[in-house]
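> Fold the stuff below for me.
(2 chains)
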Amino acid sequence: MEKTAKILELKKQLSEELRKEASDNNIVLALSNEIAKLDDSLIRFSVDAGIINRLGKELVARQETAVSELVKNAYDADADEVELVFKDAWDEGGTLHIKDNGLGMNREALINGFMRLSSADKIHNPVSPRYKRMRAGKKGIGRFATQRLGSRLTIITQTLEMDTAIKVTIDWDTFETDLDLSAVTSSIESIPKIKEEGTDLIIEDLREGWSDAMIRRVYRYTSDLLQPFPLSQKRKDEEDAKTDPGFKSSYYRHDEDDKPYLIIDEQNAFFGHALAEIEGVVSETGQAHWSLKSDKLNFPKDSFPIGKGKENKNFEYLKDVYFKVYYFIFDTSLLSSHVGSFIREVANEKGGIRIYRNGFRVLPYGEKLNDWLGLDESTARRVFLTPHRNINFFGFVELIDETGELFDETSSREGLIDNEAFKELIEFVQRSIITATIKVSELRQRKGATSQKGWKKDEDVIEEDPGAQVDEAIADLKAIINNTAENKTNGTGQEQTGSNNAHTDRIRSVVERIEENREKEKHENKVKETVLIEEINMLRVLAGLGLVIGEFVHEVKRFLPAFHTDSLYLQDKVKTDPEATARAARLDANIKAFTAYTSYFDKTIAQNISRELEPLELRDIVYAFEEVIKRDIERTNLTFHKPHFSGFDLFTTPMHKSEWASILFNLYTNAKKAIKRAGAAGQIFISCGKNEQHVFLDFSDNGDGIPKQNEHLIFNAFFTTASAAGYTATDTEVMTGTGLGLKIVRDIAESYGGSVYVIQPANGFNTTIRIEIPANIKAKQ
Amino acid sequence: MSLINYLYIDDEKEADAIRDGLNDTGIIKVDLIEPASFEKQAARLKDDMLIQYKGLILDLRLDDNPKSQAKYTAPSLAQALRFEAGINSDLAMEFPIILCSTDKKIQESYAHENTSHDLFDYIFKKDEAPDYKKIAAKLKSLAKGYSFIKQNLDELDNIIKRKIGELDNRIFSKFLGENVTFSIHDLASFIKKELIEQPGPLINEKILAARLGVDIEKSEGWTDLLGYFSTPIKYTGVFAEAWERWWSDLLLNKFKELTGQRLPALTAVERVQLLIEHTKINKLVAATPLPRAISNNFWTICEYYQVPLDPLEAVKEYTNKEPSPWQEYRYLSIDAALERKGKIHISEKERLERIKEQLESEENDEHSA
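The predicted structure follows:
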C-alpha cells in the first residue's frame, strides 16, 4: 500500500520536526495538511494561497472603494482623526500611508481578526466598543482592500493598554497560486509604540496611480462618516467617555523633493463651498453682534449689531458665546451638481447647529430631527422665505462657562437647562442666522445683476435668450441633416465619406449646444422662479395685512362720532370740577389724535382703492399725498416743505393713482425711519420737474443718509438695515423690516419704463431719491 | 320757548351719537327712529310730522342694514314726500329734509347723481367729529325759515326783508305773476341755494372783506367795521341766522355814503385808508395780492385759497351749474389754477395754457441767462 507508506513517512517527518528545539511551524503545518489529505474516511477543503489575490480583485473593484473601506475601518475602530498620505503616487509604485488614532489592535485581535478570513468580529459586534458607532466598513473587506491597492502592507498597531506596538508586514506577492494559504507566512514583530493608540497602514508599491480627482472621490465615498463640526473634547470621566467626539479625515499628497500638501479635508470639501459664513459673538458684557462673509457673493466680512428685542438691547444673561455657521443653499446655480449633492447628502443626516460647552459637545443639539433653534419650524411657517432649514447649515455654538453658572446640563444629560440664558441664546443665534440669510438673499439679487457668469438680469445687458438659442440650434441641426441626406442622394461618389464625417462632427457640436443651453435655461428659470416665488409670497402676506388694516380702520371709524359726542358731553358736564375738566380735556385731546391717526390710514387706503389707469399730473399726486399725511406730519413733528414744481403739465404716462400712493408712502416711511435714526428735527421736501421725455419727482429728507456703497442696493428686494425679528415675532413686526418697500417703488417705476435712483441730495437734505417716469406730453387737463 | 324738533331716521351704529351730539347743543331736539318699510315709513311720517316735527333728517343709505326692512335710499323717500306735499298743496308736509351720511358713501353714490340734490335742504357728514353746533344752528334756521315762508307765502318782500322791486326783476320772476304755483320747498330752496349761497345780490363775509379791501386775518378791527355794514346792508331775511350775507348793491351805497368815493375804482390800500379815515377804526390792514397776481383791485375771492382776488387776474371756477345772468361767477386765482388746486371753467382753458407757456419760457430764460 503506497498510501500507507506515505502516511508513515510523513508522520515520521512531522515528529522529527516537532522534536526539534525550534520547530518550523510552516513545515509542521504543511506536513499535517499532507497527512490530513490522505485520510481515508474524511475529506477537507483546503485553500490555495492564490485566493487572496482573487478575492482582493473581486471584492474590491475600484481602488477608491478600497481606500474608503480602510477609512471606514478607522472609523469603526473609534478613531476621531484619520490622515492619508499619498506618497509619490501619481503613477504606480507609490506608497499610501493611513494613520488613525483609533483603538488599535492587540496581538489576539490581529490574529483572530485581521489575519482570519471571514472573521465574525463585525457580526458579533455591530457597534464599536467605545463610542458605540454603527460599524461602517463592510465585513472583511479591509485586508483585501490593502491587497488590492499595493503589493506590500505594513501594519503598525497599538492599544492603550499595550506597552509596545505590533508591526506586521505582508508581502501579497508571496500568495502565489498552487501554494497552500496557511503555508504563506508574514512577519510579525514587537516595536516601540509610535503613539498612544491607533493603527498605521503603510501600503507600498501601489498597483495604480492616483490623481487628485480620485483622492477627492475617496473622500466623498466616506460621506456617511463625515461630520463637518469641531471635534468635541473627550471627557475624562468614564461615565461620559462614550460621547462620540466626531470624525475627521484629511488627505495629503507627498511627492518626492516636496513638502506634503493637502488634497482634501473638511475645509475644502464643505466649508470652501459654503455660500456664506455667519459668525456671532456675545461679549462678557452681553453686547452682541453677528457678521457675514461671502466670497461667492463678493461680500467681505461685515459685522452688524444684534441684541434683545427689536431695539437690540444688551443681553441680560447671555455672555461669552461664539458661534460659527456655514450656510449652504442647495441650488445648482450656486453649487456644482456633484459637490452640491454630496454636501446635501451629508447635510440631510448631519446638518444643523451643535452646541459645545467648554469644548464638550452637548447633545442633542444639532442631531438629526433636533430643531432647537426652530429653524425647520420657522421655514414651515414661511414667515421668512429665505432657505434656513437645519440642513442649510453646518455650525456650532461655543459656550464658555467654566463655572457652570449660566448653562448647566440637566441631570439626565438630555440637554441644557431651559433657563433665561438659554432662551437668550436661542434668540441670539436664531435671529442672527435668519437676518444673515435675508442679507444673503439680498446679495444674491445683486449678484444676479452683476455676475459675469451665469444668469444676466441687468436690464442694460441684452438678454441672450437660451430658448432662442435652442431654437436656432435645432434649426441648424435640421439644415445639416437635410444637407447630409441630399449629399447622399445626389452623391458625388468617393468624397462622401469625408464630408459625412465632417457633417457628423458638426451635428455633434450642434447637439452639444442644444444640451448646454437647455441646461442653462433650466438653471436660469429655476433661479428666477425661486426669487419670484419668494417675492410673490411676501407680497401676498403684505396684501393680506393691508386688507386686515383696511377692515380694521373701517370698523374703528364708526366709533369716532360717538367718541366725539360723548367727549363733548363730558366736557360740558364737568365744567365745575377743575380736575375732571382737565381729565376730560385730555380725553378729548387723545380722541382727536386717535381720530387724526385713523383718518390718516383711512385716506391712505382710499387712495389705494382707485384702479383707473390715467395720465397723472405730479401736482395732483403730491398735493393729494400732502393732504393725506398732513395730520401725521403734525403728530410726528415733521416739517413738510412747500413742494416745488418746475414747469407745468407734469403728466406721467397713464398710471394708477394707487401706484403713486405706494411710491410716496414707501418713500415717506423710509424717510421717517431715517430721520428717527438720525435723531434730527425731520424735514421732508418734494420737488418735481420734467425733461425731454420724462417727468420726475425728487423726494428728499434729512435722515441719516444712504452710504454711497448702498446706493445701488437699496432698491433690491430684502435689502434692509433692520435686523430680522425673531421667528416668534408677529407678522406685522416682521413686515416692517422686510426691505421690500423700495423694491416695490422700483418695480412700479420700471413697469412703466421709468427708473428710481439716488441723486445728489437737495440743498440742506441728506438723501434725495428720484423717481423718473415717461411723460405723457399729449395729456393736458 | 320749546325747541325745534327734528325726526332722524337712521339705523347705523353711529346714529345714537349723532342724535346725542345734536341734542347736547341745546339748539334743537332730535328723535331717532329706525327705518321701516317704504310704505309704512311714508304713512307714519305723515302722522309724525304733523304732530310734532319741524324737519326730517335722513341717512343716505337706509338700505344698508341687512337686518332692516328698509330697502330704499333717502332720495327716494324724500322724493315721495316732496311729491305728496306738492300735489296736495299740503303745507303741513312742507319741511326741511336734511341728508346725512359718511363722506365715503356720499362720494360713492350721492355725488354721482344730480337730480336728487334739489330734494335736500342741507347735507352734513357723520364722519369723525361733526361740528354739532354749526349743524344744529343750520337746522334750526332752516326749520324756522320754512315756517316763516309758510306763514308769509304771498309776501316775498317780507320773506327776504327787501323790496323785490329794488332787485333785478329776473331773480324772482318764476315766483311772481298770475296762476303761478310752487311749493314752499321750491321757494325756500331757491332762496337758500340761488340767492344766499351763490354770490350775486348777496355776498358772504369773505367777499365783503375783499370788496372792502380788508385782510380779515390781520385786521383786529374787522368786527368793529362790520358794525358799519349792519342792517339794512346785512341780510335779515329767512335763513339769515345761520347764513350771514350782505346786499352787494347796498354795500356800494354805504361805502359812498361813508367815504364819498366810489368803491369799484379804488385799490385795496385806498379803500382801507378811506375806511380808517372815516370810521376811525385803526386796526384794519389792506389785503395783498396772491402769488402770480399784482392787482389789488379786489372784487371777489379765490375759491381755493379763500382770499381777495381781482377777477381780471383770475379764472372762472367750474361749477355744475352755469350762474344766471344776475349771479356772479366763482373764481380761482391763477396760482391755484396753475397748481391744479380747484377745477377751472372750460372757457378758461386756452387762456391758462397761454399763461403756462409764457411762464415756462420765462423760467427757461432765467435758467439760460
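
> Now residue 44. Nearest residue, chain neighbours left out?
Answering for chain A, as no chain was given. A:Ala36 (5.9 Å; CB to CB, 6 or more residues apart in numbering or on different chains). (Glycine included, C-beta is placed from N, CA and C.)

> Can you look at chain B instead?
B:Ala36 (6.7 Å).

> Tell me where the stretch 201-350 of chain B has helices.
If DSSP state H, counting those that start in this stretch is used as the criterion, the helices of the stretch 201-350 of chain B fall at B:205-212, B:222-227, B:248-259, B:268-279, B:334-338, B:349-368.

> before we move on, the earlier item: the residue nearest to B:Arg44 - how many residues pack around it?
Using other CB atoms under 10 Å in any protein chain shown, B:Ala36 has 17 neighbouring residues.

> What about it? Give its phi and psi, please.
With angles defined as degrees, to the nearest 10, B:Ala36 sits at phi -110, psi -170.

> one step back: what's the average pLDDT for the host helix or strand of the residue nearest to A:Arg44?
A:Ala36 belongs to helix A:25-37 when assigned by DSSP states H and E. Taken as a whole, helix A:25-37 has a mean pLDDT of 83.

> Can you tell me which helices and strands it packs against?
helix A:2-19 (3 or more CB pairs under 8 Å, 6 or more residues apart in numbering or on different chains; DSSP states H and E).

> Who are the packing partners of the helix it packs on?
The criterion is 3+ CB pairs under 8 Å, 6+ apart, and the helices and strands that helix A:2-19 contacts are helix A:25-37.

> buried ones in the helix it packs on?
A:27, A:30-31, A:34-35 (16 or more other CB atoms under 10 Å in any protein chain shown).

> sorry, back to before: my guess is the residue nearest to A:Arg44 meets A:Phe45, correct?
No. Between A:Ala36 and A:Phe45 there is no contact under CB atoms under 8 Å: 10.9 Å.

> who in chain A is up against chain B?
A:557-562, A:564-566, A:568-569, A:572, A:592, A:595, A:598-599, A:606, A:617, A:619-620, A:623, A:645-649, A:780-781 (CB under 8 Å from any CB of the partner chain).

> Enumerate every residue touching the residue of the stretch 401-550 of chain A found nearest chain B.
As assessed by CB to the nearest CB, chain B sits closest to A:Gly550 within the stretch 401-550 of chain A, at 12.1 Å. Applying CB atoms under 8 Å, 6 or more residues apart in numbering or on different chains to A:Gly550 gives the contacts A:Ile605.

> how close does it get to A:Asp602?
9 Å (CB to CB, to the nearest Å).

> Report the secondary structure state of whichever residue of the stretch 301-450 of chain A sits closest to chain B.
In the stretch 301-450 of chain A, the residue that lies nearest chain B is A:Lys310 (31.9 Å; CB to the nearest CB). Of the three states, A:Lys310 takes coil under DSSP: H, G, I helix; E, B strand; the rest coil.

> and it, how many residues sit next to it?
14.

> Strands along the stretch 301-450 of chain A, start to end?
A:321-327, A:352-357, A:360-362, A:393-399 (DSSP state E, counting those that start in this stretch).

> So, low pLDDT: which residues of the stretch 1-150 of chain B?
Low-confidence segments of the stretch 1-150 of chain B, defined by pLDDT under 70: B:1.

> Up against chain A, what does it have?
B:12-14, B:16-18, B:20-21, B:24, B:102, B:104, B:126-130, B:132.

> could you redo the last one with a cut-off of 6 Å?
B:13-14, B:17-18, B:20-21, B:24, B:126, B:128-129 (CB under 6 Å from any CB of the partner chain).

> now the residues you listed in CSV, with neighbour count and secondary structure?
Putting the residues of the stretch 1-150 of chain B next to chain A into CSV (neighbours: other CB atoms under 10 Å in any protein chain shown; DSSP: H, G, I helix; E, B strand; the rest coil) gives the following:
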residue, neighbour count, secondary structure
B:Lys13, 13, coil
B:Glu14, 24, coil
B:Ala17, 22, helix
B:Ile18, 26, helix
B:Asp20, 18, helix
B:Gly21, 26, helix
B:Asp24, 17, helix
B:Lys126, 24, coil
B:Glu128, 19, coil
B:Ala129, 18, coil
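
> Which one of those is nearest to B:Leu208?
Of all the residues of the stretch 1-150 of chain B next to chain A, B:Ala129 has the smallest distance to B:Leu208: 29.0 Å, by CB to CB.

> who are the neighbours in contact with the closest one?
By CB atoms under 6 Å, 6 or more residues apart in numbering or on different chains, B:Ala129 lies in contact with A:His564.

> try it again with 7 Å
When the contact criterion is CB atoms under 7 Å, 6 or more residues apart in numbering or on different chains, the partners of B:Ala129 are A:564, A:595.

> re the thing from before, tell me the first helix or strand C-terminal of the helix holding A:Ala36.
Following helix A:25-37 in sequence, per DSSP H and E, is helix A:51-59.

> Which residues does that following helix contact?
A:141, A:144, A:147-148, A:172, A:175, A:181.

> Out of these, which end up buried?
Buried among the contacts of helix A:51-59 (16+ other CB under 10 Å): A:141, A:144, A:147-148, A:172, A:175.

> what about the stretch 151-300 of chain A, any weak spots by pLDDT?
Using pLDDT under 70, the stretch 151-300 of chain A drops low at A:234-242.

> Would you map the strands across it?
According to DSSP E, counting those that start in this stretch, the strands that the stretch 151-300 of chain A contains are A:164-171, A:187-192, A:198-206, A:248-254, A:261-264, A:276-282, A:288-294, A:299-306.

> Export those to CSV and append columns for distance to B:Pro75 and mean neighbour count.
CSV is the format used below for the strands of the stretch 151-300 of chain A (distance: least, CB to CB, whole Å; neighbours: other CB atoms under 10 Å in any protein chain shown):
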stretch, distance to B:Pro75, mean neighbour count
strand A:164-171, 108, 19
strand A:187-192, 112, 11
strand A:198-206, 98, 22
strand A:248-254, 85, 20
strand A:261-264, 85, 16
strand A:276-282, 66, 22
strand A:288-294, 65, 21
strand A:299-306, 61, 14
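
> quick one on the thing from earlier: ok, of the buried ones among the contacts of helix A:51-59, which one's closest to chain B?
Sorting the buried ones among the contacts of helix A:51-59 by distance to chain B puts A:Ile141 at the head of the list, at 80.2 Å, by CB to the nearest CB.

> Tell me the residue of the stretch 151-300 of chain B that sits nearest chain A?
For the stretch 151-300 of chain B, CB to the nearest CB, closest residue to chain A: B:Pro291, 10.8 Å.

> Any figure for the gap between the closest residue to that residue other than its chain neighbours and B:Ile207?
Distances taken as CB to CB, 6+ apart put B:Asp335 closest to B:Pro291, at 4.9 Å, once the chain neighbours are dropped. Distance, B:Asp335 to B:Ile207, by CB to CB: 19 Å.

> of the two, who's got more company?
Neighbour count, other CB under 10 Å: between B:Asp335 and B:Ile207, B:Ile207 has more, with 24 against 19.

> for the more buried one, what are its contacts?
Contacts of B:Ile207 (CB under 7 Å, 6+ apart): B:199, B:300-301.

> May I see these organised as JSON lines, with neighbour count, pLDDT and distance to A:Ile663 added?
What follows is the contacts of B:Ile207, written out as JSON lines (neighbours: other CB atoms under 10 Å in any protein chain shown; pLDDT from 0 to 100; distance: CB to CB, whole Å):
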{"residue": "B:Pro199", "neighbour count": "20", "pLDDT": "96", "distance to A:Ile663": "40"}
{"residue": "B:Thr300", "neighbour count": "20", "pLDDT": "96", "distance to A:Ile663": "38"}
{"residue": "B:Ile301", "neighbour count": "26", "pLDDT": "97", "distance to A:Ile663": "35"}
